[in-house]
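Trainee: Following is a predicted model, sequence given first.
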Amino acid sequence: MTDRRPMSAQLRDDLIDDFRRRGFRPGDRLPTEAEIAEQFAVGRSTAREALKLLEQDGRVVAEQGRGRFLSTLGVLNVDRPITRFESVTAMLRALGYDPRTLVLSVEEGAATPAERQALALSPGAQVIRLERLRSAGTDPLVYTVDTVPREVLPGPLRHLDWTGSVNEMLGVHGHLPVSSTARIQAVELPEEPAARYALAGLGPWLLVTETAVTSSGRPVLYASDYHRGAAFAFLVVRR
């Protein structure tokens, strides 16, 4: 299966594997951007962005004038730390699923108070609200509601492929999310979607409420992702 993630995200994972293979220890100086670009045959900008992603994960520490060094977290065997920002589809694929995406609804409308607050929108602002279900075969895994400001995805809604990654779609239009803040809580799926999509009786769900921002700090995605409690556990690394 083709990896549809940005090259920088793919390189980040390749670097983690490479550091482990080479026996890097906490405090070891990492190769420079130029060395990484040459080793993996990528551009300097891709190498730079991959290293920034490792810094965001807490795996790498940058020291002004000295370089980048592997942190203690960098050698922990944590497959998917909660510090990592990635799409739901990328997460499912990394966990070994072959996810199927079903678009339940996509609509344009006025932002709710919660959406206005999360996305820093003015009263009356319009948003796009996308409702989807990820499944493995016929087994439901994640029910999601994604909200983005209307102006960041111009054009008719019907002209866009809503089965793909919203993160990638935002990136194509110059609004790539690079980090997020998230809240995790155990909940029951709301009655309305549970009844409408035959999702009742599947036990508790883990709700991840997330606001994603661009490199400039602009919030461009407000997501409510309900993960099947029987299928998911989130690893939280404390430092």
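Mentor: Alright, I've got the coordinates. Only a predicted model underlies this, so the values are computations on that prediction, with no experimental measurement involved.

Trainee: Measure how buried the nearest residue to R44 once chain neighbours are set aside is and give me the count.
Mentor: Sequence neighbours aside, A37 is the residue nearest to R44 in space, at 5.0 Å (criterion: C-beta to C-beta, 6 or more residues apart in numbering). Where you see a C-beta, it was placed from the backbone N, CA and C, and this is true even at glycine. Other residues near A37 come to 19 when the count uses other C-beta atoms under 10 Å.

Trainee: One more: L11?
Mentor: Neighbourhood size, L11 [other C-beta under 10 Å]: 23.

Trainee: Am I right that it falls within a helix?
Mentor: Yes - note on L11: a helix contains this position according to DSSP: H, G, I helix; E, B strand; the rest coil.

Trainee: Spit out the contact partners of it.
Mentor: I36, F40, V42, T46, A47, A50 (C-beta atoms under 8 Å, 6 or more residues apart in numbering).

Trainee: Can you tell me the SS state at T89?
Mentor: Looking at T89 with three-state DSSP, the answer is helix.

Trainee: ok so, going back, got the contacts of L11 as JSON lines, with neighbour count columns?
Mentor: As requested, these are exported to JSON lines (neighbours: other C-beta atoms under 10 Å):
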{"residue": "I36", "neighbour count": "21"}
{"residue": "F40", "neighbour count": "17"}
{"residue": "V42", "neighbour count": "18"}
{"residue": "T46", "neighbour count": "19"}
{"residue": "A47", "neighbour count": "24"}
{"residue": "A50", "neighbour count": "27"}
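
Trainee: Going by distance to R21, which of these wins?
Mentor: F40 (13.4 Å; C-beta to C-beta).

Trainee: for that closest one, what are its contacts?
Mentor: For F40, the contacting residues are L11, D14, A47, by C-beta under 8 Å, 6+ apart.

Trainee: got a pLDDT number for it?
Mentor: With respect to pLDDT, F40 scores 95.

Trainee: Can you show me the CA trace of the least confident helix or strand in the chain by mean pLDDT as PDB?
Mentor: Least confident element among the helices and strands of the chain, by mean pLDDT, DSSP states H and E: helix 88-94 (a mean of 75). Extracted in PDB, the C-alpha atoms of helix 88-94 (Å, rounded to 0.1, in the frame of the first residue of the first chain):
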ATOM      1  CA  VAL A  88      -6.600   8.700  12.000                       C
ATOM      2  CA  THR A  89      -6.000   6.800   8.800                       C
ATOM      3  CA  ALA A  90      -2.200   6.900   9.300                       C
ATOM      4  CA  MET A  91      -2.600   5.700  12.900                       C
ATOM      5  CA  LEU A  92      -4.800   2.800  11.900                       C
ATOM      6  CA  ARG A  93      -2.400   1.700   9.200                       C
ATOM      7  CA  ALA A  94       0.500   1.900  11.600                       C
END
